[in-house]
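**Student:** Just to be clear, the model below is a prediction. Sequence and coordinates:
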Amino acid sequence: MEPHRFVWQPNMYSGSCEPCTISIFSKQVRDVTVNWKINTRRAIRKAVREGLSLEAFTNRSDFQQWCMKQSSRPRAGEKFSQLTIAAKLLQWGDALKDSLPDFVFAVSEFGLVPRTDKNGDPILDANGEPILYRRRKQENIKHLSGLFMSDYDHLPFPPQELYERTLKPGYPFKTRLAHLTSSGEGLRLVSECIIGAGNIADLQYLQACELNVLYVKDSTGKKYVTDNSCVNADKLSFVPRLDDILYIDEDKLFKY
């Protein structure tokens, strides 16, 4: 079997987190559906931002079917129906992102737990045994990978510029992967943990200081720091397109 250092799952909702090898990673970043979802989300955001025609998106049968499903939801459906077309399209774009395969770079193995039904009871196989899977939960972590991920989104300058800051002499973090986020407006960095420097939150803080983005305001007007939800080791990272990868150290990313 090919070596692996971190895990992945086909989607964020129910997929089992399994070893991610270089073959699996390469297949996902080249996947036609992955590319279509990311490209569509970016095109929607651009059209809404620039006030362009939205007809090309609203005429799509998959968007119309998604809207019907959202409108039929109890309680939330009425609120959704009152949204503008632009707001619905933006939500659809986010739903496309959420359906992408994802990686969990900080974890090399999750423990097996039984699948459960809506009542919390174990789902059994044909032999009456519980069906087990590797659930992405903090309490299920068995082994850490020694990597940590930082998400710098809504940057007020080109994401490539932030990556270039990691190349300056004296930058203390070893980068294993750098890629644009699915919005095209941010940078995701996967780096080696520095032993003795603290936990993931500490490392992200130190990295933000090194990259000089700790006190920058992002494009939404908020003071910029890395996404706080990324401080947990079980935080997922959505697959990028191959063209969005700015740097990858294949040897160190997939092997200790």
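**Tutor:** It's in. These figures come from a predicted structure and were not determined experimentally. Numbers count the residues shown, from 1 in each chain.

**Student:** In this structure R135 contacts S14, no?
**Tutor:** No. Using CB atoms under 8 Å, R135 is not in contact with S14; the gap is 9.2 Å. C-beta coordinates here come from the backbone N, C-alpha and C atoms, glycine included.

**Student:** who's more crowded, those two?
**Tutor:** The neighbour comparison of R135 against S14 (other CB atoms under 10 Å) goes to R135, with 20 against 10.

**Student:** now the stretch 101-250 of the chain, which segments are flagged as low pLDDT?
**Tutor:** Applying pLDDT under 70 to the stretch 101-250 of the chain picks out residues 217-230.

**Student:** repeat that for 80
**Tutor:** 214-230 (pLDDT under 80).

**Student:** what about the helices in it?
**Tutor:** 159-165, 200-210, 250-254 (DSSP state H, counting those that start in this stretch).

**Student:** Determine which stretch of the ones you listed is the most buried.
**Tutor:** helix 200-210 (a mean of 18; mean count of other CB atoms under 10 Å).

**Student:** So which other helices or strands are in contact with it?
**Tutor:** Counting contacts by 3 or more CB pairs under 8 Å, 6 or more residues apart in numbering; DSSP states H and E, helix 200-210 packs against strand 147-152, strand 187-192.

**Student:** L246: which of the ones you listed is closest?
**Tutor:** strand 187-192 (7.8 Å; CB to CB).

**Student:** Any chance you could give me the longest helix seen in the chain in PDB, C-alpha atoms only?
**Tutor:** Longest helix in the chain by number of residues (criterion: DSSP state H): helix 32-50. Provided in PDB are the C-alpha atoms of helix 32-50 (Å, rounded to 0.1, in the frame of the first residue of the first chain):
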ATOM      1  CA  VAL A  32     -13.900  16.900 -13.500                       C
ATOM      2  CA  THR A  33     -16.700  17.300 -11.000                       C
ATOM      3  CA  VAL A  34     -14.400  19.000  -8.500                       C
ATOM      4  CA  ASN A  35     -13.300  21.400 -11.200                       C
ATOM      5  CA  TRP A  36     -16.900  22.100 -12.300                       C
ATOM      6  CA  LYS A  37     -18.100  22.800  -8.700                       C
ATOM      7  CA  ILE A  38     -15.200  25.200  -7.900                       C
ATOM      8  CA  ASN A  39     -15.400  27.000 -11.300                       C
ATOM      9  CA  THR A  40     -19.200  27.400 -10.900                       C
ATOM     10  CA  ARG A  41     -19.000  28.800  -7.400                       C
ATOM     11  CA  ARG A  42     -16.400  31.300  -8.500                       C
ATOM     12  CA  ALA A  43     -18.400  32.300 -11.600                       C
ATOM     13  CA  ILE A  44     -21.500  32.900  -9.400                       C
ATOM     14  CA  ARG A  45     -19.600  35.000  -6.900                       C
ATOM     15  CA  LYS A  46     -18.000  37.100  -9.800                       C
ATOM     16  CA  ALA A  47     -21.400  37.600 -11.500                       C
ATOM     17  CA  VAL A  48     -23.100  38.700  -8.300                       C
ATOM     18  CA  ARG A  49     -20.200  40.900  -7.300                       C
ATOM     19  CA  GLU A  50     -20.000  42.600 -10.700                       C
END
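
**Student:** Which secondary structure elements does it sit against?
**Tutor:** Looks like helix 32-50 contacts helix 55-58, helix 85-98 (3+ CB pairs under 8 Å, 6+ apart).
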